[in-house]
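# Predicted model, plus sequence, below.
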Amino acid sequence: MPLEFLRRKGPSKNSPAAVPEAPPPPIPEEAVAEEHQLRLTFGAKTSNGVRMQGGPHILAALPTMLDNVAKTPVEVVEPRATVLAAASPSIVRTAEALEWLRAHGEASPITRHALYVLESLDAIDPAYDTFACALLDGTVDTSGYPEYAAIVGGVAAHWDEATGDLIVRAVVGWGGRGARGDTDRTAGRLLGQLLNNILESGDALGLTALDRPGGAPGGATVTCQHCGYPLVHPRAVYCPKCGMRMLHA
Ligand SMILES: [Zn+2]
């Protein structure tokens with residue numbers, strides 16, 4: 001009887017079922033994980049604003065404020081067109097990313113890197129800032145993009161909503177897949193040089209601690225009749241983006 005039992009269930013030379021079944025592997029309490037991780041480090045520094053005597057010629061003079069600091073030609077980024085109000089340098093937000101590329105896709109790799117870093121950190125607001133920018137320290141890779149330890153930046157300017165003066169700030173930024181200990185110190189030195197250049201540019205009236213422009217508490221805003229910028233303070237006399245006098249009803 002035991003022999004009969006073994007013959008039915010046991011190995012047979014012609015059947016694949018002859019291979020003895022391996023015991024089921026034990027169910028692991030945890031999966032063996034291969035770890036994936038990416039750490040990005042971005043940094044930026046901005047100076048106080050410097051109040052400049054109003055006038056269109058000052059905007060044209062912004063690139064000269066990078067004299068002796070810029071290592072590459074200075075590129076000037078105008079404030080974004082108001083129709084691109086949703087633009088954001090976030091590739092998974094495709095609608096916003098498309099607007100961002102429409103606004104900045106033609107800029108140089110250095111400028112796009114600078115905008116990406118500084119806008120992500122809210123150090124500048126391209127919705128109303130005019131930004132004059134260059135590579136300030138470090139090197140670019142073979143495609144022309146700044147390495148993680150490179151420092152980019154320059155000056156950012158907007159119009160004071162109360163007086164119509166131009167407010168110019170020094171702005172520097174850096175970062176990517178890495179960090180270096182001396183970058184912060186170098187960035188601080190470059191920020192000081194840029195601020196000095198702004199103050200010595202001839203039209204400077206002095207430092208100002210003004211807040212960045214924006215709507216009143218509670219979110220109240222009005223739209224500029226000239227450029228369509230929608231986030232002007234309800235009592236603003238001048239538009240921070242185009243510098244034109246607001247017409248209040
Ligand atoms: Zn305007």
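Right, received. Where do you want to start?
# make it CA atoms for all contacts and neighbour counts henceforth
Fine.
# Low-confidence stretches in the chain?
1-18, 249 (pLDDT under 70).
# What ranges does it have for its strands?
41-52, 75-77, 130-137, 151-159, 166-176, 204-208 (DSSP state E).
# Tabulate those strands (a markdown table), appending distance to residue 31 and mean neighbour count.
Shown next, in a markdown table, are the strands of the chain (distance: least, Cα to Cα, whole Å; neighbours: other Cα atoms under 10 Å):
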| stretch | distance to residue 31 | mean neighbour count |
| --- | --- | --- |
| strand 41-52 | 30 | 21 |
| strand 75-77 | 50 | 19 |
| strand 130-137 | 45 | 26 |
| strand 151-159 | 42 | 29 |
| strand 166-176 | 31 | 26 |
| strand 204-208 | 58 | 15 |
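# so can I have CSV of the ones you listed showing distance to the ion?
Shown next, in CSV, are the strands of the chain (distance: least, Cα to the ion, whole Å):
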stretch, distance to the ion
strand 41-52, 18
strand 75-77, 16
strand 130-137, 13
strand 151-159, 10
strand 166-176, 14
strand 204-208, 22
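# residues of the longest helix anywhere in the chain that come out buried?
The single longest helix within the chain, with elements called by DSSP state H, is helix 183-199. Within helix 183-199, the residues scored as buried using 16 or more other Cα atoms under 10 Å are 183-184, 187-188, 190-195, 197-199.
# Quickly check those for the two that are furthest apart.
183 and 199 (24.3 Å; Cα to Cα).
# Output the contacting helices and strands for the longest helix of the chain.
Packing partners of helix 183-199 (3 or more Cα pairs under 8 Å, 6 or more residues apart in numbering; DSSP states H and E): strand 41-52, strand 151-159, strand 166-176.
# outside of it, which residues touch it?
43, 45-47, 50, 65-67, 69, 136, 149-151, 154-155, 168-173, 204, 206 (Cα atoms under 8 Å, 6 or more residues apart in numbering).
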